[in-house]
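> Generate a structure from the sequence data that follows.
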Amino acid sequence: MSPAGRFGARVAASLAAALAAAASAAALAQDQPRDSAADSIDFGEAPFREERVALPPPPRDENLIRFDAGPARRAFTYAVDAASLTVGADGVVRYTLVARSDAGATNVTYEGIRCETRERRVYAYARSDGKWLDRHATGWAKIGAPAREGHVYVLYADFFCPARGLTIRDAAEGIAALKRGRHPRASEEETDRLVPLGR
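Purely as a prediction, here's the structure:
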């Protein structure tokens, strides 16, 4: 066989081997189980960016809507300031919470809940003169079990994030749920049956 013929034969053999290897790799890939978790990852999803938060005016008694925080919190009464309730463009439900003890002590905080991630944070605490203090503000933290989180879990599961984390559309929907005593789409499996307290 001439040199040109031998060269052509070697090229043909190399090409055939390469094609066989590619076909084998493709078949092996088809036989491998798919990772459904990896398939569901959206690598294009943008990281959470919280919008700028403006602290609301001090709460007024006529705007407070009481709710039942469960048997573990019977020493306190809890209420949300309806005038402060908002649902931000970032999906965060923000509200002023007023907690009063049987002894007469009052704690007022401005808080936020992220339904999508089941997290909450405190933006500021109110002084006795109504002015806000934000130096003790907290970062985002997971909302735990009802027995430990009390009112926060109830607000998350029964009012602002019904149907396992679905965020309310706007403040009006949240106010309606508070007045009703529970959001109509709240899961019965999430919390105990609550008793409406009204305003």
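> Please make it C-alpha for all contacts and neighbour counts, starting now.
Fine.
> Sheet partners, orientation included, of the top strand by length along the chain?
The residue-count maximum for a strand in the chain (DSSP state E) belongs to strand 76-87. With DSSP bridges as the test, strand 76-87 is paired with strand 64-67 (antiparallel), strand 92-101 (antiparallel).
> Which helix or strand lies directly C-terminal to the strand or helix carrying Tyr123?
Using DSSP states H and E, Tyr123 sits in strand 119-126. Next in sequence after strand 119-126, counting helices and strands by DSSP H and E, comes strand 132-133.
> Just put the strands paired with strand 76-87 in CSV and tack on distance to Leu166, mean pLDDT and mean neighbour count.
Listed next are those as CSV, based on distance: least, Cα to Cα, whole Å; pLDDT from 0 to 100; neighbours: other Cα atoms under 10 Å:
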stretch, distance to Leu166, mean pLDDT, mean neighbour count
strand 64-67, 20, 97, 22
strand 92-101, 11, 96, 22
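> I'd say Val108 and Asp81 touch.
No. Applying Cα atoms under 8 Å as the test, Val108 and Asp81 come out as separate, 10.0 Å apart.
> what is in contact with these two at once?
Thr96, Leu97, Val98 (Cα atoms under 8 Å, 6 or more residues apart in numbering).
> mind showing which ranges of the protein have poor pLDDT?
1-45, 72-73, 188-199 (pLDDT under 70).
> which stretches of it form helices?
3-31, 36-40, 146-149, 151-154, 162-165, 171-180 (DSSP state H).
> Tell me, how many residues neighbour Ala46?
Ala46: 7 surrounding residues under other Cα atoms under 10 Å.
> From Gly181, how far off is it?
Distance check for Ala46 against Gly181: by Cα to Cα, to the nearest Å, it reads 35 Å.
> quick one: Gly150 from Asp134, how far?
23 Å.
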